[in-house]
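>>> got a sequence here, can you build the structure:
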Amino acid sequence: MDTTVLVIGGGATGAGTARDLAMRGVDVALVERGDFAGGTSGRSHGLLHSGARYVPGDREGAEECIAENRVLKRIAPHCVSDTGGLFVQVSGDDPEFFEEKRAACEELGIGTEELSAEQAREEVPDLADDVERALRVPDAVIHPTRLTVANAADAREHGATLLPNTEVRDLLVEDGTVRGAVVDDGSGERELRAEHVVNATGAWAGELAAMAGVEMEMAPSSGVMVAVEYDGLDTVLNRARPAADGDIVVPHDEQVVLGTTSVDVDDPDEFERDDREIDRMFEECGAMLSGLDPDRIDRVYWGVRPLYSADRERHAGRQISRGFYLLDHDERDGVSGFSSIVGGKLTTYRAMAEATADHVAERVGREGECSTAEEPLVGHDAPGRIDELVAEFEANNPADSDVIGSP
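Below you'll find the model as predicted:
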């Protein structure tokens, strides 16, 4: 089998890239070693950022988030719960940070409204006693399995070939050019040749790049998420302080997801999972929301952030940029026919895919502009269709397993 572009990695960014290219008329194949969204995407907390989390320190990241927040609410309403969000100031938190965040949001056009403790409790009666005030922002909840499958299925409707549960054993490198990959779907190895290969494997991008003889420094960090049975919260909660452990509570239908930690890891498949991180989620998130019960844990899972850094010693953990990087390995490493998209956030997956598709389309000599910000994703107008597609692909991921299939 031959194709024009081979996208490796079936998370949100890889599936979004395949969709974008297919919509431009490019022959594309999408390969994923497991289920769609089975890596970082499907092991996230599922917060659709408004950008408020990243100000005042990261203006560019905030601008990317609010722009994509608005796009995804429009093109993927069946993958989003538009809950809104609150940044809450707890006793002992720096009030100047709250004011700086509000001012930065207003400067960037991120809508805000300050609520007194009493007003905030009218909306969230179970706010902890030490909550002093809150800032309303346009955060939301995104269900990553639905989102990723919708992108993959949309790519298929535009002619893409989907190959989940297919592992890349090696890259085909001939005379300094990547010509495709050796893949195995369980029935034996075969070659899949392509004019251009996109590395969209997230935290595993360095391992794939090494198959092409390319050194790429990734700096993955793990974070725990704890899903707890909890009925009645319908607003995202964020702590109004600099990013730290246990400062996000994401509501689902009858649960909340508590997150998260940030621990540097060397291997995104093999790393220590410390139960003390679970205890920390209850301690820290409990400062925002009362009634969290460790006896009502439904599931615990760790995700690995696909962070990129050329100097891990100087930039580690929460200090690494959450922006994304498109690496042209021809210009960077002298290896043609090969590009990597690394870093970023689930919220900005579509923008990452657009940047990648723009670059790749030019490399393979294809015309056509991006239309993914205007065209709604498959299933947006057919209730239940997206969960039928999730079932078709047998995608089962912990980030939203309690939501998939619910009425």
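
>>> quick one, strands of the stretch 51-200 of the chain?
80-81, 85-90, 113-116, 131-137, 140-142, 161-163, 167-174, 177-184, 189-199 (DSSP state E, counting those that start in this stretch).

>>> turn these into TSV, including mean neighbour count, distance to A227 and mean pLDDT.
Quick note: C-beta positions are derived from backbone N, CA and C, even for glycine. Formatted as TSV, the strands of the stretch 51-200 of the chain follow (neighbours: other CB atoms under 10 Å; distance: least, CB to CB, whole Å; pLDDT from 0 to 100):
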stretch	mean neighbour count	distance to A227	mean pLDDT
strand 80-81	20	15	98
strand 85-90	26	18	98
strand 113-116	14	27	98
strand 131-137	22	23	98
strand 140-142	25	13	98
strand 161-163	19	28	98
strand 167-174	17	29	98
strand 177-184	20	33	98
strand 189-199	21	31	98
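
>>> which intervals of this protein have sub-threshold pLDDT?
1, 310-322, 406-407 (pLDDT under 70).

>>> which parts of it are helices?
Taking DSSP state H as the criterion, the chain carries its helices at 12-23, 59-75, 95-108, 117-123, 144-157, 205-210, 276-285, 329-333, 349-363, 385-392.

>>> figure out how far the last one is from the centre of its chain.
Right, helix 385-392. 20 Å (CA atoms, centre = their mean, to the nearest Å).

>>> next: the third one.
Taking CA atoms, centre = their mean, one finds helix 95-108 lying 25 Å from the centre of the chain it belongs to.

>>> what of the longest one?
In terms of CA atoms, centre = their mean, the centre of helix 59-75 is found 13 Å from the chain centre.

>>> list the buried residues of it.
61-69, 71-73, 75 (16 or more other CB atoms under 10 Å).

>>> redo those as a markdown table? Include distance to T112.
Formatted as a markdown table, those follow (distance: CB to CB, whole Å):
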| residue | distance to T112 |
| --- | --- |
| G61 | 17 |
| A62 | 12 |
| E63 | 15 |
| E64 | 18 |
| C65 | 14 |
| I66 | 11 |
| A67 | 17 |
| E68 | 18 |
| N69 | 14 |
| V71 | 20 |
| L72 | 20 |
| K73 | 17 |
| I75 | 24 |
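
>>> show me which of the residues you listed is closest to S41.
L72 (13.5 Å; CB to CB).

>>> if I read this right, the closest one contacts D82, doesn't it?
No - taking CB atoms under 8 Å as the definition, L72 is not a contact partner of D82, at 10.0 Å.

>>> still on that earlier bit, to S221, which of the helices of the chain lies closest?
helix 276-285 (12.2 Å).

>>> residues in contact with V149?
Listed by CB atoms under 8 Å, 6 or more residues apart in numbering, the contact partners of V149 are A15, F36, A37, I386, L389, V390, F393, A395.

>>> right, I mislabeled it, should have said M288
V88, V90, L127, A128, V131, L237, R239, V249.

>>> wait, what's in contact with D126?
By CB under 8 Å, 6+ apart, the neighbours of D126 are G232, L233, L289, S290, G291.

>>> adding distance to H143 and neighbour count, write the residues you listed out as CSV.
Compiled in CSV, the contacts of D126 are given as follows (distance: CB to CB, whole Å; neighbours: other CB atoms under 10 Å):
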residue, distance to H143, neighbour count
G232, 19, 11
L233, 16, 21
L289, 21, 21
S290, 26, 14
G291, 24, 15
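
>>> now G38: closest residue in space, sequence neighbours ignored.
Residue nearest to G38 in three dimensions, not counting chain neighbours: N397, with 6.1 Å by CB to CB, 6 or more residues apart in numbering.

>>> confirm for me that that neighbour is in contact with G34.
No - at 9.6 Å, N397 and G34 do not qualify as touching, with contact defined as CB under 8 Å.

>>> of the two, who's got more company?
N397 (25 against 15; other CB atoms under 10 Å).

>>> what about the residue most central in space within the chain, distance to V71?
The C-alpha lying nearest the average C-alpha coordinate of the chain belongs to L346 (CA atoms, centre = their mean; 2.2 Å). Using CB to CB, to the nearest Å, L346 is found at 13 Å from V71.

>>> go on, A395?
Applying CB to CB to A395 and V71 gives a distance of 23 Å.

>>> on that earlier part again, out of the strands of the stretch 51-200 of the chain, flag the one nearest D253.
strand 80-81 (8.7 Å).

>>> packing partners of the closest one?
For strand 80-81, the elements it packs on are strand 140-142, judged by 3 or more CB pairs under 8 Å, 6 or more residues apart in numbering; DSSP states H and E.

>>> can you give the domain ranges for this structure?
2-42+144-218+310-392, 84-139+221-305 (automatic domain parsing).

>>> please identify the deepest-packed of those domains.
Among the domains of the chain, ranked by average contacts under mean count of other CB atoms under 10 Å, first place goes to domain 2-42+144-218+310-392 (a mean of 21).

>>> which one in the protein is furthest away from the centre?
Outermost residue of the chain (CA atoms, centre = their mean): D175, 35.1 Å.

>>> ok, of the contacts of V149, which one's closest to D274?
The closest of the contacts of V149, once distances to D274 are taken by CB to CB, is A37, at 24.9 Å.

>>> can you report phi and psi for that closest one?
phi 70, psi 20 (degrees, to the nearest 10).

>>> excluding its backbone neighbours, what's nearest it?
Going by CB to CB, 6+ apart, A37 has T148 as its nearest residue, at 3.8 Å.

>>> ok, the one you found - contacts?
G10, G11, A12, A15, F36, A37, S41, G42, A395.

>>> reformat the residues you listed as JSON lines; add distance to L135.
Shown next, in JSON lines, are these (distance: CB to CB, whole Å):
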{"residue": "G10", "distance to L135": "36"}
{"residue": "G11", "distance to L135": "31"}
{"residue": "A12", "distance to L135": "28"}
{"residue": "A15", "distance to L135": "33"}
{"residue": "F36", "distance to L135": "35"}
{"residue": "A37", "distance to L135": "31"}
{"residue": "S41", "distance to L135": "28"}
{"residue": "G42", "distance to L135": "30"}
{"residue": "A395", "distance to L135": "35"}
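
>>> mind listing the strands for the stretch 301-407 of the chain?
Under DSSP E, counting those that start in this stretch, the stretch 301-407 of the chain gives strands at 324-328, 338-343.
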